[in-house]
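Dropping a prediction and its sequence here:
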Amino acid sequence: MIHAADVREWRNRDVIDLKGHKIGVLESIYVNTATDESAMATVRIGLPTRQRLAFVPLDDAVLGPDYVRVAYAKALVKKAPSVGMDDILPAEEEEAIFQHYDMTYQTGANGERQLARR
């Protein structure tokens, strides 16, 4: 698992799937607001003139010397909910990311977001 404090070190590293296929480049880390543990990453994907940031869970992620290997197939990540390069994740779109990966989504006791960017 990538710790939020390590994001500067891993930013701009290649993100690969379990088979070693390059998905894109690590842009940022989102932490679970309840635990402050890294939960998701955004991956820069697309053509250089039309890039977007796709979300991918970091459960079972493995750090290598110049890559981050995630436990999800390239095709699944490329179809994941995304935001523009300069956009932020709207609170009402957070749940769709979890649904895409068949993960449980749970807001805080007072309706707080589950994800926060670091």
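Nice, thanks for sending it over. Residues are numbered from 1 along each chain as shown.

For stretch 52-64, what does the pLDDT average out to?
Regarding stretch 52-64, the rounded mean pLDDT is 92.

where in the protein is pLDDT low?
1-8, 109 (pLDDT under 70).

What segments of it are helices?
7-10, 74-78, 94-100 (DSSP state H).

List the buried residues in the longest one.
Which is helix 94-100. Residues of helix 94-100 classed as buried under the neighbour-count rule (16 or more other Cβ atoms under 10 Å) are Glu94, Ile97, Phe98, His100. All C-beta spots, glycine's among them, are computed from the backbone N, C-alpha and C.

right, and out of those residues, which lies closest to Val68?
Ile97 (17.6 Å; Cβ to Cβ).

Out of the helices of the chain, which is closest to Pro48?
helix 74-78 (15.9 Å).

packing partners for that closest one?
In terms of contacts (3 or more Cβ pairs under 8 Å, 6 or more residues apart in numbering; DSSP states H and E), helix 74-78 is packed against strand 22-32, strand 38-45, strand 52-57.
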